[in-house]
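Q: coords please:
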Amino acid sequence: MAVERGSDDDLLAAAVDDPEGFGRFYRRHAEAVLAYLLYRTRDAEQALELTAETFAAALVASPRYRPGPVPARGWLFGIANHKLADSRRRGRIEDSARCRIGLEPTTTDDAELDRVEELIDLARVEPPLELLLDDLPPRQREAVLARVVEERAYSEIASREGCSEPAARQLVSRGLARLGSLLRERRT
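A: Have a look, this model is predicted:
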């Protein structure tokens with residue numbers, strides 16, 4: 001039975017018996033993973049290949065996925081981070097997960113390249129977000145990234161930072177306020 005709507009956990013559970021469940025999970029998160037990898041690599045082709053490998057690895061691992069404190073999206077971005085780190089360490093992008101599930105090498109059509117170009121344009125916003133993030137105190141930067149990019153719960157951020165949940169909320173809030181202030185300062 002296909003899960004038409006539902007949580008990411010439901011879609012990953014459905015993927016075991018219903019590949020379309022994983023397809024919905026993919027459609028829900030593909031653009032965010034691509035944008036993240038594009039931001040990290042600054043290379044459209046690399047980002048596309050890493051995105052394909054990330055989702056192939058997630059499909060292979062989906063029967064072992066168990067809901068827990070880390071949301072499914074965080075689990076997916078963890079896979080993306082591992083694929084990115086592996087590619088940097090090896091000097092190439094591994095395609096083992098894609099081969100394991102029988103995916104052909106990635107090819108891109110004009111529409112896909114246009115969409116990646118749009119994401120590149122967003123990534124080139126002045127001043128670059130990464131420079132603004134670098135201006136944040138380390139704890140605020142990590143808290144903002146954990147909450148906004150990785151979509152982690154405040155309780156998880158608190159645990160990771162060794163503070164209370166209200167203190168974690170304050171770290172994120174102050175970090176976002178500081179980012180807004182930095183953005184306004186640099187645009188004037």
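Q: can you read off the pLDDT for Pro166?
A: The confidence metric pLDDT takes the value 90 at Pro166.
Q: I should have written Asp18 there, sorry.
A: Confidence at Asp18, expressed as pLDDT, is 78.
Q: how about Pro105?
A: For Pro105, pLDDT reads 53.
Q: now swap in Leu76 and tell me
A: Here, the pLDDT recorded for Leu76 equals 90.
Q: can you report how many residues lie near it?
A: Close neighbours of Leu76, defined as other C-beta atoms under 10 Å, add up to 28. Every residue, glycine included, has its C-beta placed from N, CA and C.
Q: buried set for the helix or strand containing it?
A: With secondary structure defined by DSSP states H and E, Leu76 is part of helix 72-90. Using 16 or more other C-beta atoms under 10 Å as the test for burial, helix 72-90 gives 72-77, 79-80, 83-84, 87.
Q: those residues into TSV, with extra columns for distance to Tyr39?
A: Shown next, in TSV, are these (distance: C-beta to C-beta, whole Å):
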residue	distance to Tyr39
Ala72	21
Arg73	16
Gly74	17
Trp75	19
Leu76	16
Phe77	12
Ile79	16
Ala80	11
Lys83	15
Leu84	11
Ser87	15
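Q: out of those, flag the one nearest to Gln170.
A: Gly74 (21.3 Å; C-beta to C-beta).
Q: widest-spaced pair of the buried residues of helix 72-90?
A: Maximum pairwise distance among the buried residues of helix 72-90 (C-beta to C-beta): 22.8 Å, between Ala72 and Ser87.
Q: just for the protein, where's the confidence low?
A: Counting by pLDDT under 70, the ranges of the chain that qualify are 1-5, 92-131, 183-184, 186-188.
Q: that's all I had, so thanks and see you.
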